[in-house]
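K.L.:
turn this into a model:
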Amino acid sequence: MIAPEFSRPQRLDAIGKGEHRVEISADAAERAALAKRFALIAIDRLDAVMTVQRDATGVLARGQLNGAVVQACSVTGDPVPAQVDEAFAIRFLPEGTVEGDEIELSDEECDTVFYTGGAIDLGEAAAETLALALDPFPRSAGADAALRDAGVLGEDETGPFAALAKLKKQLD
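P.N.:
I've put the predicted structure just below:
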């Protein structure tokens, strides 16, 4: 198994009974490795502040992820800077734990991460939270013009109402 680029293991026996505050930040080498993994131009900042506590089934981590990234425009490839400010709640359960067949979602619903051994990896959890928070199709300021130049029709130029408007224009 390949080690994660941003690993911050938290030993389970060090968590204790109450809430435990954890702050993590990725250094320049970790950010560069994560940028490569997530196909980003750069990650300029990646920090997370969270509380970690045991509960009846595992470990619960709640917190806030903050970062600054540069993505490539999905149309032009131009750099698109973005800020990430994402709240998260993750439940860490031992590998092999069976969640019930019936899942009822609520405001308290958490993402679930399974672990093996005596530690959970809060850095990898933060990295995965970052990946999920990214815009899957970032657009630069010149994206619309590039699409028009390539002959791609916009949403307002397609569909039945656009066809009717075009027909009306021809009749006038």
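K.L.:
the protein: strands as residue ranges?
P.N.:
Counting by DSSP state E, the chain has these strands, from start to end: 9-11, 20-25, 42-54, 59-72, 79-94, 111-115, 119-121.
K.L.:
buried residues in the third one?
P.N.:
Read it as strand 42-54. Judged by neighbour count (16 or more other C-beta atoms under 10 Å), strand 42-54 contains these buried residues: 43, 46, 48, 50, 52, 54. Backbone N, C-alpha and C define where each C-beta goes, glycine included.
K.L.:
for the second one, same thing?
P.N.:
Buried residues in strand 20-25, counted by 16+ other C-beta under 10 Å: 20, 22, 24, 25.
K.L.:
got those residues as a markdown table, with distance to residue 114 columns?
P.N.:
Shown next, in a markdown table, are the buried residues of strand 20-25 (distance: C-beta to C-beta, whole Å):
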| residue | distance to residue 114 |
| --- | --- |
| 20 | 21 |
| 22 | 20 |
| 24 | 20 |
| 25 | 25 |
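K.L.:
pretty sure residue 119 contacts residue 12?
P.N.:
Yes. Shown here, residue 119 and residue 12 form a contact pair, counting by C-beta atoms under 8 Å, at 6.2 Å.
K.L.:
any shared contact partners between the two?
P.N.:
Counting by C-beta atoms under 8 Å, 6 or more residues apart in numbering, residue 119 and residue 12 have no contacts in common.
K.L.:
so where is the protein shaky, pLDDT-wise?
P.N.:
1-2, 98-109, 151-163, 166 (pLDDT under 70).
K.L.:
nearest to residue 169 among the buried residues of strand 20-25?
P.N.:
The shortest approach to residue 169 among the buried residues of strand 20-25 belongs to residue 25, at 57.1 Å (C-beta to C-beta).
K.L.:
just checking, the closest one touches residue 44?
P.N.:
No. Using C-beta under 8 Å, residue 25 makes no contact with residue 44, being 12.0 Å away.
K.L.:
now the residue nearest the centre of the chain: closest residue in space, sequence neighbours ignored.
P.N.:
Nearest to the geometric centre of the chain sits residue 132, at 2.2 Å (C-alpha atoms, centre = their mean). Nearest non-adjacent residue to residue 132, counting by C-beta to C-beta, 6 or more residues apart in numbering: residue 86, 7.9 Å away.
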